[in-house]
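*Asks:* Below are the sequence and a predicted model; questions follow.
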Amino acid sequence: MKIALAQINVTVGDFSGNLSKIVSAAQTAYDAGASLMITPELVLSGYPPEDLLLRPAFHTASHVAFSELATRLRRFTGLSVLVGHLLRSPPISDANPNQQAARPGPIVDVFNAVSLLIDGQISGTYLKQELPNSGVFDEKRYFKSNLKPLVFELECVKFGVILCEDAWHPSAALLAKEAGAHVLLVLNGSPYHINKENLRVHVLRKRVREIGVSAVYLNLVGAQDELVFDGGSFVLNAQGELMTRLPQFVEKTAIIELDSVRVQRDKIAPCASVEAQVYAALVLGVHDYVNKNRFPGAIIGLSGGIDSALVLAIACDALGANRVRTIMMPSRYTTEISISDATEMARRIGVCYDEIVITPIFEAFRTSLASKFAGLSEDVTEENIQARIRGMLLMAMSNKFGSIVLTTSNKSEMAVGYCTLYGDMAGGFAVIKDITKTLVYRLCRYRNTAATFTTRDIIPKRILTRTPSAELRENQSDQDCLPPYKALDAIIQMYVEEECSLSEIVAAGYTRDDVQQVARLIKLNEYKRRQAPIGIRVTHRAFGRDWRYPITSRFNEEL
């Protein structure tokens, strides 16, 4: 028996486009002789729909698309399809799909559902049992749960269906087993974070060993705002052995085979390094955000530093160099080395490169403010004016040409506020918002050396070896006011991602002064982070959906 795994990339709310992708995958499955095709969680609506789920019109569109999908799947005789979709209560009538306009009122219940379609008819429906409500998930805000299993039989094999979070708890899988399931089918919209692929295998291995059945784990691929779904679908036999694994970050419809209830071993995509995974996640995140939101291209403020170099590399790999424009905006403090390195990288990667000198604009600001600032020495105010001039110029280019500005601030800077509101934070998408400075270096070295790229060494070596500087005053260095990045990033990881106490961080070997300084800066700069553009999440605790600290707060954790 052949089963098709439709690891596809869909877009929230694009019902017609998502429908077409499902039908295309079904055609591939049908041509390969598959008896069953599995699609990801909420594949028809896209995941996560968030507050669109509160709109009756969204449910009407979902219902209409599901009915159309069922009709279009009829031609694939002999192919059963599991489709992730929304289910509303009270139901929408096929005779009057726009009934909510005539009968306004609240949507009583909404379910995260999956239905089995056989010859265009619903043969069974499963409703998600476990609703995740932590981290980036808030499904209890939208959905109701249901505790009934769905087990169906095809070619003498009984399949039990569960959805995503259900696999992280024992009850749903056990109910499927008790209902007679031989094989567990797990449909997922599981977003990526570092080491997530190993965690998924570990969790599902525990489930199959508990109930003694093999399992097929099918995951969504693609990016939706901050979240990146990495695919990486896989199959385990009843002993928990890995039998098949699809590549991460790649849209693919793959065929696996069952021999009775036993899964046959097939291709196992190798696990990539952390650097390779994160880089691929960033490329996919940029590609989908820019294209799904229909921007013609991207604009990057190039500084000659390592952060903008990494963002440029990612953008060109995601969109092609012909859709990326770089602008170098030197001031009196910009070194010739920075201009040379920026020019050289633009040449190596083949991207459009422009220069706009900001010194006259900066002097105009100083002149305008001179009477107001009389008797006061220059400080961070003048530094920030330079950053804001650059932000204004980048946004002007964005307005004129329609391309989105990709910002270049990293997680280390965002954590402690080493960034300027309406300056280097100005833009539409923060590519490396969840990437610490030390990881920035690792990703740049990876991009320069990985054999998977046809063009390598695109980032000049001097960018990797220079002391990082914002170049907003004479002889400035990032470490003038911050701990060394190795210590800073470790403290950020322990405090933000691992939720360690300050005393635990000090006990790990970091100085009391550094720990207190970093914790204080993280607290003080919450107001900045709230105003930053959204960015790609690659850790399990990113600033944004994962991090919900109040701006107005007098709580201070003491050592």
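*Replies:* Received the coordinates, thanks. Residues are numbered from 1 along each chain as shown.
*Asks:* For the rest of this, base every contact and every neighbour count on C-alpha atoms.
*Replies:* Fine.
*Asks:* Can you give the distance from stretch 543-559 to the centre of its chain?
*Replies:* 23 Å (CA atoms, centre = their mean, to the nearest Å).
*Asks:* got a list of contacts for that stretch?
*Replies:* Residues external to stretch 543-559 that are found in contact with it (CA atoms under 8 Å, 6 or more residues apart in numbering): 135-136, 433-434, 502-503, 516, 520, 523, 526-527, 529-530, 534, 540-541.
*Asks:* out of these, which are buried?
*Replies:* Buried members of the contacts of stretch 543-559, counted by 16 or more other CA atoms under 10 Å: 136, 433-434, 502, 516, 523, 526-527, 529, 534, 540-541.
*Asks:* Out of these, flag the one nearest to residue 144.
*Replies:* For the buried ones among the contacts of stretch 543-559, the minimum distance to residue 144 (CA to CA) is 18.0 Å, reached by residue 136.
*Asks:* From residue 544, how far off is the closest one?
*Replies:* Separation of residue 136 from residue 544 (CA to CA, to the nearest Å): 9 Å.
*Asks:* likewise residue 222?
*Replies:* From residue 222 to residue 544 the distance is 19 Å (CA to CA).
*Asks:* of the two, who's got more company?
*Replies:* Taking neighbours as other CA atoms under 10 Å, residue 222 and residue 544 compare with residue 222 leading, 26 against 21.
*Asks:* contacting residues for the more buried one?
*Replies:* Residue 222 neighbours (CA under 8 Å, 6+ apart): 8-10, 228-231, 249, 251, 284-285, 288.
*Asks:* okay, among the contacts of stretch 543-559, which ones form the most distant pair?
*Replies:* Top of the distance list for the contacts of stretch 543-559 (CA to CA): 503 and 534, 31.5 Å.
*Asks:* Show me the longest helix that occurs in this structure.
*Replies:* In the chain, taking DSSP state H as the definition, the longest helix is helix 380-401.
*Asks:* ok, and what's touching that one?
*Replies:* Contacts with helix 380-401, where a contact means CA under 8 Å, 6+ apart, come from 299-301, 327, 329, 331, 358, 361-362, 365, 403-405, 420-427, 472-473.
*Asks:* Which residue ranges of the stretch 101-250 of the chain form strands?
*Replies:* Taking DSSP state E, counting those that start in this stretch as the criterion, the stretch 101-250 of the chain contains strands spanning 109-118, 121-127, 150-154, 157-163, 183-188, 214-219, 221-224, 227-230, 234-236, 242-245.
*Asks:* residues of the longest helix of the chain that come out buried?
*Replies:* By 16+ other CA under 10 Å, the buried positions in helix 380-401 come out as 382-395, 397-398.
*Asks:* how about stretch 390-410 as PDB, C-alpha atoms only?
*Replies:* Coordinates of each C-alpha in stretch 390-410 appear next as PDB, following Å, rounded to 0.1, in the frame of the first residue of the first chain:
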ATOM      1  CA  ARG A 390      19.600  56.300   7.500                       C
ATOM      2  CA  GLY A 391      16.200  54.900   8.500                       C
ATOM      3  CA  MET A 392      14.400  57.800   6.900                       C
ATOM      4  CA  LEU A 393      16.300  57.400   3.600                       C
ATOM      5  CA  LEU A 394      15.700  53.600   3.500                       C
ATOM      6  CA  MET A 395      12.000  54.100   4.100                       C
ATOM      7  CA  ALA A 396      11.900  56.800   1.400                       C
ATOM      8  CA  MET A 397      13.400  54.300  -1.100                       C
ATOM      9  CA  SER A 398      10.900  51.700   0.100                       C
ATOM     10  CA  ASN A 399       8.000  54.100  -0.400                       C
ATOM     11  CA  LYS A 400       9.200  55.100  -3.900                       C
ATOM     12  CA  PHE A 401      10.000  51.700  -5.300                       C
ATOM     13  CA  GLY A 402       7.700  49.400  -3.200                       C
ATOM     14  CA  SER A 403      10.400  47.100  -1.900                       C
ATOM     15  CA  ILE A 404      10.500  46.200   1.800                       C
ATOM     16  CA  VAL A 405      13.300  47.300   4.100                       C
ATOM     17  CA  LEU A 406      15.000  44.400   5.800                       C
ATOM     18  CA  THR A 407      16.400  45.500   9.100                       C
ATOM     19  CA  THR A 408      19.700  44.200  10.400                       C
ATOM     20  CA  SER A 409      19.600  44.300  14.200                       C
ATOM     21  CA  ASN A 410      20.300  40.900  15.900                       C
END
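*Asks:* Residue 90 - how many residues pack around it?
*Replies:* 11.
*Asks:* If you count neighbours, what's buried in stretch 62-72?
*Replies:* For stretch 62-72, the neighbour count (16+ other CA under 10 Å) marks 62-66, 69-70 as buried.
*Asks:* ok, now stretch 31-45?
*Replies:* Under the neighbour-count criterion of 16+ other CA under 10 Å, stretch 31-45 has 33-45 buried.
*Asks:* again, but for stretch 530-547
*Replies:* 532-546.
*Asks:* quick one: which of the contacts of stretch 543-559 is nearest to residue 345?
*Replies:* Among those, residue 433 lies closest to residue 345 (CA to CA), at 21.9 Å.
*Asks:* What confidence value was assigned to the closest one?
*Replies:* pLDDT recorded at residue 433 is 97.
*Asks:* what's the answer for residue 450, then?
*Replies:* 94.
*Asks:* Next, count neighbours for the closest residue to it other than its chain neighbours.
*Replies:* Closest residue in space to residue 450, ignoring its immediate chain neighbours: residue 456 at 7.3 Å, by CA to CA, 6 or more residues apart in numbering. Residues within reach of residue 456, counting by other CA under 10 Å, total 16.
*Asks:* Helix, strand, or coil at residue 456?
*Replies:* Of the three states, residue 456 takes coil under DSSP: H, G, I helix; E, B strand; the rest coil.
*Asks:* hmm, back to that, biggest separation within the buried residues of helix 380-401, which pair?
*Replies:* The span of those, defined through CA to CA, is set by 382 and 398 at 24.6 Å.
*Asks:* List the neighbouring strands of the helix or strand encompassing residue 301 plus their orientation.
*Replies:* For residue 301, the host element (DSSP states H and E) is strand 298-302. When pairing is defined by DSSP bridges, strand 298-302 lines up against strand 324-328 (parallel), strand 404-407 (parallel).
*Asks:* For PyMOL, write the select line for the buried members of the contacts of helix 380-401.
*Replies:* Restricted to buried positions by 16+ other CA under 10 Å, the PyMOL selection for these reads:
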select buried, resi 299+300+301+327+329+331+358+362+403+404+405+420+421+422+423+424+425+426+427+472+473
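*Asks:* can you pick the most crowded of the contacts of residue 222?
*Replies:* Of the contacts of residue 222, with other CA under 10 Å as the count, residue 231 tops at 31 neighbours.
*Asks:* who touches that one in this structure?
*Replies:* 7, 218-222, 246-251.
*Asks:* Which of those residues sits closest to residue 194?
*Replies:* Distance to residue 194, by CA to CA, is smallest for residue 248 among the contacts of residue 231, at 12.3 Å.
*Asks:* Bridged to that closest one, which residues?
*Replies:* The partner residues for residue 248, given DSSP bridges, come to residue 231.
*Asks:* ditto for residue 216
*Replies:* Legend: beta-bridge partners of residue 216 under DSSP bridges are residue 185, residue 235.
*Asks:* which ones are touching it?
*Replies:* 183-186, 233-236.
*Asks:* Try it again at 10 Å.
*Replies:* Counting by CA atoms under 10 Å, 6 or more residues apart in numbering, residue 216 touches 3, 5, 38, 161, 183-187, 204, 233-237, 243-245, 256, 263.
*Asks:* Model confidence at it, what's the number?
*Replies:* 96.
*Asks:* Wait, residue 217 touches residue 197, no?
*Replies:* No. With contact defined as CA atoms under 10 Å, residue 217 does not reach residue 197; the gap is 11.2 Å.
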